[in-house]
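Student: Just need the structure, nothing else, for what follows:
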Amino acid sequence: MKSFFAWRPLAPSKSRVPDSSGLTKWADLAAFIFLGFGIVQAVVGLDQGFLRFIPLALGLLLFGLPHGAIDHLVALGLAGKPLRLRPLVIVLSLYLLVAIAVLVLWMILPVAAAVGFLIMTIYHWGQGDLAFERLNHTSVASFRGTGADRVHWLLRGFIPIGIPFIAFPDQATEFINACVHLFAPNLAVDWNLWRGIVLAALGFLFSVDSWIHLRHIRHPLARRILIENCALCAFFFLVPPLIAIGWYFAGWHGFRHVLRLCSYGASSEATRPDTKVKLICRGQQAIPFTIIAVVMLAGLFMTLSDRVSSHFEVAALYLVMISALTLPHLIIVEWMDRREAGLSDQEG
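Tutor: Numbers count the residues shown, from 1 in each chain. Just a heads-up that it's a prediction; the model follows:
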């Protein structure tokens, strides 16, 4: 069993990017497939009824929920601790404590929890894209400084969260209110009041980020980023929110995080160039805690079964569960960013 899961603490090393072009190709392939499925699903009319929940359901087992299921190995690796019972229990206890705190916030202040989750997701998804670019394209520092990085960070997080409230305001509002209604059935919030602010913020961020990269249009990476920005905006403007978020979560954000973890591990593993082997290994390592997370979702469903009577409300409950797991996951990713930044400074 140990050899199957290849359980070991995971941490970055100075040689953590043996095949950055390979990671980029895998990311491009996943984006083409997953986002392509989303476009096809919307075009052929498979965005109604139960079919619109297919991407979220697939995300339970395919790169969505599982992309954070080896956080415990990463935390142990970053802390320099062995995979033994005592440090593992400490990591899991702290992780669970933070997740429970988020669930408690949903129960007592659901609107604040919803707003917090949207802001946290903007931050985290933008953070993920920025980290993946730095990992695979060290030349990005040659034309984008700290301020420009922050603009790009906010834009990439804002696109998947902000555009649905602009392009599909009724659907986006209905879904976020479904999450709130799980804990406050009679509370109605008009999220469209923020639509103008969201549009202005998105327009500003997109304009500034485009100007930064257009100034360096001769650089291949600048052209790639401009294309990605436009493709993501088009995707979220054309594809309904539940479908778009589901495919993006698994095929873009989740998959890129797993690819990032392919550069983590023991020194012997870090020098192995086969990305496919590493992806399989990370997938195997994610199995136990993916199962535990699904069981937790089932437990939450049983606790709130009297308030969950449709597929739509089940999806809302899933989002609440994801929000509870996102905060401890974000904390570990922040730790990853700081450790990688330290290694980059040493190399510099």
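
Student: Going by C-alpha atoms from here, please, whenever you check contacts or count neighbours.
Tutor: Fine.

Student: all helices for the stretch 51-200 of the chain, in order.
Tutor: In order along the chain, the stretch 51-200 of the chain carries the following helices (DSSP state H, counting those that start in this stretch): 54-59, 71-79, 85-108, 110-136, 146-167, 169-181, 195-214.

Student: Of all the helices and strands in the protein, which has the lowest average confidence?
Tutor: Ranking every helix and strand in the chain by mean pLDDT, DSSP states H and E puts helix 267-270 at the bottom, with a mean of 46.

Student: low pLDDT regions in the stretch 101-250 of the chain?
Tutor: Scanning the stretch 101-250 of the chain for pLDDT under 70 picks out the ranges 138-139, 141-142.

Student: So residue 78 sits against residue 72, correct?
Tutor: No: using C-alpha atoms under 8 Å as the test, residue 78 is too far from residue 72 to be in contact (9.9 Å).

Student: So which of the two has more stuff around it?
Tutor: Neighbour comparison, residue 78 and residue 72: the larger count goes to residue 72, with 23 against 17 (by other C-alpha atoms under 10 Å).

Student: Contacts only, for that one.
Tutor: For residue 72, the contact set (C-alpha atoms under 8 Å, 6 or more residues apart in numbering) comprises 88, 91-92.

Student: If any of those residues are buried, give me the PyMOL selection for them.
Tutor: Isolation of the buried members of those (16 or more other C-alpha atoms under 10 Å) is achieved in PyMOL through the command below:
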select buried, resi 88+91
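
Student: I'd like the contacts of residue 72 as TSV, with distance to residue 35 and pLDDT appended.
Tutor: Below are the contacts of residue 72 laid out as TSV (distance: C-alpha to C-alpha, whole Å; pLDDT from 0 to 100):
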residue	distance to residue 35	pLDDT
88	36	92
91	34	93
92	33	93
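
Student: and which of the contacts of residue 72 is nearest to residue 36?
Tutor: Comparing these against residue 36 with C-alpha to C-alpha places residue 92 closest, at 36.3 Å.

Student: now that closest one, nearest residue through space, not along the chain?
Tutor: Using C-alpha to C-alpha, 6 or more residues apart in numbering and skipping residues adjacent in sequence, the residue nearest residue 92 is residue 72, 6.7 Å away.

Student: Next, work out how far apart that neighbour and residue 282 are.
Tutor: Separation of residue 72 from residue 282 (C-alpha to C-alpha, to the nearest Å): 13 Å.
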